[in-house]
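1. model this:
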Amino acid sequence: MERTLIIFKPDSIKRGLVGEILNRFEKVGLKVVGSKMVRPDEAHFHHHYEGISNLVSRRGQKVFDVTLGMMQESPVIAMVLEGVEAVSLVRKMIGTTEPKSALPGTIRGDYAHMSYGHADKEGIGIPNILHASGDETEAAAEIKHWFNDNELFDYQTVHEVYTQAKARKK
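-> Residues are numbered from 1 along each chain as shown. Next up is the predicted model:
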């Protein structure tokens, strides 16, 4: 089974959307194998956004600084989800990074609407509900960065026979 990292950003936490969004992931058959609420420091976010996903290199220091400010407005909830092709499934479910462009039915399309242009004009990070790993390599690096091995769990749910084609354990 594949694992991916999601981070509930401050806007989803402050708006009380965590349970509703998590429910969507569980309904599609993804399993939570790690979860914690944390308030990372700048060094932790720098490694996440630049060391793993190259945000400064791709989008510039200003975008990184604005993103860091937004991510430190409140604690965040980091989760590891597991399932069949979990990385691509989660990316499809959350929608495009810019909420304005996210299709209805996606998480960002249903719970956010701001454009990059508006966020840039206001000098704020774009409130887009979640972070999700971009690919399998990024997922592995992000999970290792956010979770220790003893914080990730292996267990079977009653739904796996239907959502992961696993045989029932006797």
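2. CA atoms for contacts and neighbours, from now on please.
-> Fine.
3. can you list the residues that contact the lowest-mean-pLDDT helix or strand in the chain?
-> Between all helices and strands in the chain, the lowest mean by mean pLDDT, DSSP states H and E belongs to helix 55-59, at a mean of 80. With Cα atoms under 8 Å, 6 or more residues apart in numbering as the test, helix 55-59 has contacts from 49, 50, 63, 64.
4. Pick the one among those residues closest to residue 88.
-> residue 49 (19.5 Å; Cα to Cα).
5. give me the low-pLDDT residue ranges for this structure?
-> Scanning the chain for pLDDT under 70 picks out 167-170.
6. can you give me the helices in it?
-> Per DSSP state H, the chain carries helices over the ranges 10-14, 18-27, 42-46, 55-59, 61-71, 86-94, 107-111, 116-122, 136-146, 160-163.
7. Buried residues, the first one. List them.
-> Buried residues in helix 10-14, counted by 16 or more other Cα atoms under 10 Å: 10, 11, 12, 13.
8. quick one: contacts for the third one?
-> Right, residue 12. 18, 129, 130.
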